[in-house]
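Peer 1: Based on what follows, work out the 3D shape:
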Amino acid sequence: MKNIRFEFNCTREVPFYAHLCNQYLQNEQYDVTIGKTDNLYYIEAKGEQTQLEALADAIANDFLISTWLVKPQITAIDTPLGTKKLLKTTELDLEYCQHCQPQLGDNQAAHFGDIGFNCPCCMAHTRISLDEQAVSLADAKALVKKLDKLGTIELLQGSNSAGAIISFKPIENQSPEARQQLVICNPNNLHAHFSVNDSQILALSSIEKPFIKARPISSHTRLKQPIYEICFAKSRLLLVICEILRQQGIDYVYIANSQNPKVTMIDAKWSLIETPPSAQKLIINAIRQPLHDDAQAGNYQALWAAKNIEITTDEHGINQGHAVMPINNAASCALHAATIGDNKPKHIATLYFSNTSKTQIVTLDGKQQLELFFEFPTLPDNGYDIVHHLELSPQKALLDKFKARYPDDYLKLLSLKLKQPTDNIETLWAIAAIFLGATNQTHQASPSSKMELCDFVVARAMCHKGANAPRVDFPLTRGEAFRSLNWCKTLGSIISFRLAEEENIDKLAFGMHDSFADYICNWIEHLDQNISIKTVVIAGNSFANEVLAQRVALRLGKNFSLNTNPQMDLDGLNIAAGALYLKQRRH
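Peer 2: Residues are numbered from 1 along each chain as shown. Below is the predicted model of the structure:
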C-alpha cells in the first residue's frame with residue numbers, strides 16, 4: 001500500500017480545481033482526502049499500485065490545464081494533510097470541459113450543437129442562460145448563414161458571449177487604440193497564420209481561454225496588423241459556431257465584446273493584465289492592516305474586512321461616495337498591493353510602467369520610507385513639437401541626415417498625432433516607429449494609431465532571433481526631486497543606428513527593448529548600493545509587451561527576487577487594493 005498526493009500548484013485561485021477536488025471526494029469509487037493551501041490544490045489517496053494508477057489516469061484526464069497552473073506533481077507521502085471536508089468554491093464561468101466538448105463541439109458527435117448538454121463533470125448546463133440553452137443546431141447554422149450574408153452578427157446575451165460580435169472583416173467603431181481580436185475556428189491551422197510557441201498554445205487551450213498577443217506570420221496575405229489578440233471559443237454557442245465555420249474552411253473570425261481575460265508572460269509565468277470589470281467579487285488575504293477602510297481606482301473598489309481585502313468591480317466606473325485614489329500614486333499603490341502578504345515590507349523597488357497612469361520607479365527602504373526615483377517624461381503629442389525639440393538639442397545634425405535620406409518618413413513624422421497620455425514607453429516606441437520606417441511598411445491609407453506604431457516596434461523585435469543587438473542610449477536627467485529620461489538623446493541614438501544599418505530593423509527594435517532593460521537593471525543596481533534592494537515588483541500594463549517583460553525579468557532576475565503579484569493583476573484592482581495603504585489620499 002502506498003500514500004500519494006496529487007498536487008496542483010497555481011499562481012492564483014482556479015475555481016474549477018476546487019470543484020474537481022470536491023467531485024473526487026464525493027465519488028464513492030475513490031477513498032481520498034483533499035485540501036487547499038494558498039493556491040495549492042491537492043488530492044491524497046492510499047492504495048495498491050493498480051488502484052493508484054487508475055486514479056492518476058482519471059485525474060490527468062479531468063484536471064484540465066489552467067493558465068495559472070505552475071507545477072503539477074505526484075509525491076509519495078507518509079501522512080495525509082487533507083480532510084474529508086468539501087473545499088469552499090466560487091462560481092465557475094467554465095462552459096465546457098474535456099468531457100462535454102467532444103459531445104457538443106464535434107460535428108461527428110451525436111450531441112453536436114446541443115448547447116444545453118448536461119455535463120456531469122463541469123456542470124456548465126446549470127450556469128448557461130435559458131436563452132442560450134434553447135439555441136438548437138439549426139439555430140446555430142442559421143446564425144452562420146446570417147454571418148455569411150451580412151459579414152457580421154451579434155451573439156446572444158449569454159454568460160461568456162455577452163453580446164459578442166463576430167465578423168469576417170476587422171470590426172469598425174472600436175477605439176483606434178483597441179487591438180483587433182480574433183477567435184480561432186481551426187486550432188490545427190494556427191501555425192499557418194501566427195507565430196506562436198508551445199506555452200502560448202497551452203494558454204489558448206487552457207480552462208480560462210485567455211486572449212494572448214500574437215504576431216502574424218511575415219508572409220500573411222490578409223492579416224496586416226503587426227500584432228493581434230487571439231483566443232479560442234469560451235462559450236458553448238461560439239464553440240459550435242466555430243466548428244460550423246471550420247467545416248466551411250474558415251480558420252478564424254474577428255470578435256469584439258468578448259469576456260475572455262487578457263494575459264501576458266512575465267518571468268516564465270502568465271499574469272492577468274487587468275481584471276475584467278464584469279468579474280465577480282475577489283477576496284484577497286492581507287497580513288497587514290491598511291490605513292484606510294476603503295479605496296477606489298477606476299472601476300475597482302477595495303474594502304477592508306476582517307483580515308481580507310474585498311474587491312468589487314463596476315463597469316460603470318467610480319462610485320462617487322468613496323475616496324478616489326490620485327492617479328499620480330499608482331506606482332506606490334502597486335508596491336503596496338504586491339506586499340500585502342508582508343508584515344513589514346522593505347528594501348523593495350517597484351517598476352510601474354503603464355500607459356494609463358504615470359510610469360514611475362519607486363522604492364521602499366529599510367525604514368519603510370517611500371521614495372520616487374524615476375518618472376517617465378511627458379513627450380510631445382505631435383510631430384512638429386517632436387521635431388522642434390530635436391532641432392534644439394545636440395541631435396539636430398542626425399535629424400537633418402534623416403530628413404535628407406528619408407524625406408517621406410520625415411513628412412510622416414511631421415503629420416504624427418498621438419493620443420494622450422504621452423508619459424509612457426508606448427509613446428516613445430510609437431515615435432521611434434516612424435524613425436524605423438513603420439509607415440512605409442504598414443501600407444495603410446489612414447494614419448496609424450499610437451498602439452499600431454508601438455506594436456510595429458514590438459513585432460519587429462519579436463522577429464529578431466539573435467542575442468546581440470545595438471546599444472541604444474537611455475540616459476537619465478536629474479531633476480530636483482527625481483530622475484527622468486533624456487528622450488531626445490534616445491531618439492538620436494535610434495536615428496543613428498537606422499542611418500548606419502537601415503536594413504536591420506528587427507535587430508534595432510530588439511536592441512531598443514534590450515538596452516532599456518539593461519539601463520533599468522543598472523538603475524536598480526545603483527539603488528541597491530544605496531538602500532539595499534531585495535525584491536523588485538513588476539507592475540503596470542506596459543509589461544503586456546512581452547519582449548520588454550522578458551528582457552527586464554532576464555536582466556533583473558539574476559540578482560534580485562522578482563514579484564509579479566500574480567494573485568491580483570498588473571494594472572487594475574491591484575491599484576485599488578494598494579490605495580488602502582497610502583499614507584496620504586485625496587478625498
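Peer 1: can you list the weak-confidence ranges in the protein?
Peer 2: 157-162, 315-327, 440-447, 585-587 (pLDDT under 70).
Peer 1: what's the spacing between residue 459 and residue 163?
Peer 2: From residue 459 across to residue 163, the span is 30 Å (Cβ to Cβ, to the nearest Å). C-beta coordinates here come from the backbone N, C-alpha and C atoms, glycine included.
Peer 1: All the helices of the stretch 251-400 of the chain, residue numbers only.
Peer 2: Secondary structure of the stretch 251-400 of the chain (DSSP state H, counting those that start in this stretch): helices at 330-338, 383-391, 396-405.
Peer 1: out of the ones you listed, deepest packed?
Peer 2: Each of these was given a mean neighbour count from mean count of other Cβ atoms under 10 Å, and the largest, a mean of 28, is that of helix 330-338.
Peer 1: Which neighbouring elements make contact with that one?
Peer 2: strand 348-352, strand 360-364, strand 370-375, strand 535-539, helix 573-579 (3 or more Cβ pairs under 8 Å, 6 or more residues apart in numbering; DSSP states H and E).
Peer 1: rerun at 7 Å
Peer 2: Other helices and strands packing on helix 330-338, by 3 or more Cβ pairs under 7 Å, 6 or more residues apart in numbering; DSSP states H and E, are strand 348-352, strand 360-364, strand 535-539, helix 573-579.
Peer 1: Could you name the helices and strands sitting against the last one?
Peer 2: Right, helix 573-579. Judged by 3+ Cβ pairs under 7 Å, 6+ apart, helix 573-579 is in contact with strand 294-297, strand 300-305, strand 308-313, helix 330-338.
Peer 1: let's see 6 Å
Peer 2: strand 294-297, strand 300-305, helix 330-338 (3 or more Cβ pairs under 6 Å, 6 or more residues apart in numbering; DSSP states H and E).
Peer 1: is it possible to export those to a markdown table including distance to residue 124?
Peer 2: Shown next, in a markdown table, are these (distance: least, Cβ to Cβ, whole Å):
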| stretch | distance to residue 124 |
| --- | --- |
| strand 294-297 | 33 |
| strand 300-305 | 28 |
| helix 330-338 | 33 |
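Peer 1: who wins for proximity to residue 91 among these?
Peer 2: Nearest to residue 91 among these is strand 300-305; the distance by Cβ to Cβ comes to 19.0 Å.
Peer 1: in its sheet, what does that closest one sit against?
Peer 2: If you go by DSSP bridges, strand 300-305 pairs up with strand 294-297 (antiparallel), strand 308-313 (antiparallel).
Peer 1: Just the C-alphas of the longest one, formatted as CSV.
Peer 2: This means strand 308-313. Written as CSV, here are the backbone C-alpha positions of strand 308-313 (Å, rounded to 0.1, in the frame of the first residue of the first chain):
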residue,chain,number,x,y,z
ASN,A,308,-9.3,40.3,4.0
ILE,A,309,-9.5,42.8,1.2
GLU,A,310,-12.7,42.6,-0.8
ILE,A,311,-12.5,44.0,-4.3
THR,A,312,-15.6,44.6,-6.3
THR,A,313,-15.7,45.8,-9.9
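Peer 1: right, and the helices and strands packed on helix 573-579 - which one's nearest residue 435?
Peer 2: helix 330-338 (28.7 Å).
Peer 1: Pull the number of nearby residues for residue 417.
Peer 2: Applying other Cβ atoms under 10 Å, we find 11 residues neighbouring residue 417.
Peer 1: now residue 558
Peer 2: Around residue 558 there are 8 residues (other Cβ under 10 Å).
Peer 1: Would you mind measuring from it to residue 518?
Peer 2: Taken as Cβ to Cβ, the span from residue 558 to residue 518 is 12 Å.
Peer 1: hang on, the earlier thing: wait, which of the strands paired with strand 300-305 is closest to residue 403?
Peer 2: Judging the strands paired with strand 300-305 by Cβ to Cβ, what sits closest to residue 403 is strand 294-297, at 43.5 Å.
Peer 1: Which parts of stretch 553-567 count as buried, going by neighbours?
Peer 2: Residues of stretch 553-567 classed as buried by neighbour count (16 or more other Cβ atoms under 10 Å): 553, 555, 556, 560, 562, 563, 564, 565, 566, 567.
Peer 1: what does stretch 523-539 give?
Peer 2: 523, 524, 527, 528, 531, 533, 535, 536, 537, 538, 539.
Peer 1: Tell me the one of these nearest residue 167?
Peer 2: Using Cβ to Cβ, the buried residues of stretch 523-539 come closest to residue 167 at residue 539, 34.3 Å.
Peer 1: Pull up the gap between that closest one and residue 42, please.
Peer 2: Counting by Cβ to Cβ, the gap from residue 539 to residue 42 is 30 Å.
Peer 1: Now do the contacts for residue 518.
Peer 2: Counting by Cβ atoms under 6 Å, 6 or more residues apart in numbering, residue 518 makes contact with nothing.
Peer 1: My reading is that it is in a strand; is that accurate?
Peer 2: No: judged by DSSP: H, G, I helix; E, B strand; the rest coil, residue 518 forms no part of a strand; its state is helix.
Peer 1: What's the separation between it and residue 63?
Peer 2: To residue 63, residue 518 is 40 Å away according to Cβ to Cβ.
Peer 1: Same question for residue 457.
Peer 2: 39 Å.
Peer 1: Which of those two has more residues huddled nearby?
Peer 2: residue 457 (29 against 22).
Peer 1: Looking at the buried residues of stretch 553-567, which is nearest residue 511?
Peer 2: When the buried residues of stretch 553-567 are compared against residue 511 (criterion: Cβ to Cβ), the nearest one is residue 555, at 13.9 Å.
Peer 1: follow-up on the earlier one: could you export the strands paired with strand 300-305 as CSV, including mean neighbour count?
Peer 2: Below are the strands paired with strand 300-305 laid out as CSV (neighbours: other Cβ atoms under 10 Å):
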stretch, mean neighbour count
strand 294-297, 24
strand 308-313, 18
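Peer 1: Indicate which one of those is closest to residue 248.
Peer 2: Closest of these to residue 248 is strand 308-313, at 37.7 Å (criterion: Cβ to Cβ).
Peer 1: mind checking how far the closest one is from the chain centre?
Peer 2: 20 Å (Cα atoms, centre = their mean, to the nearest Å).
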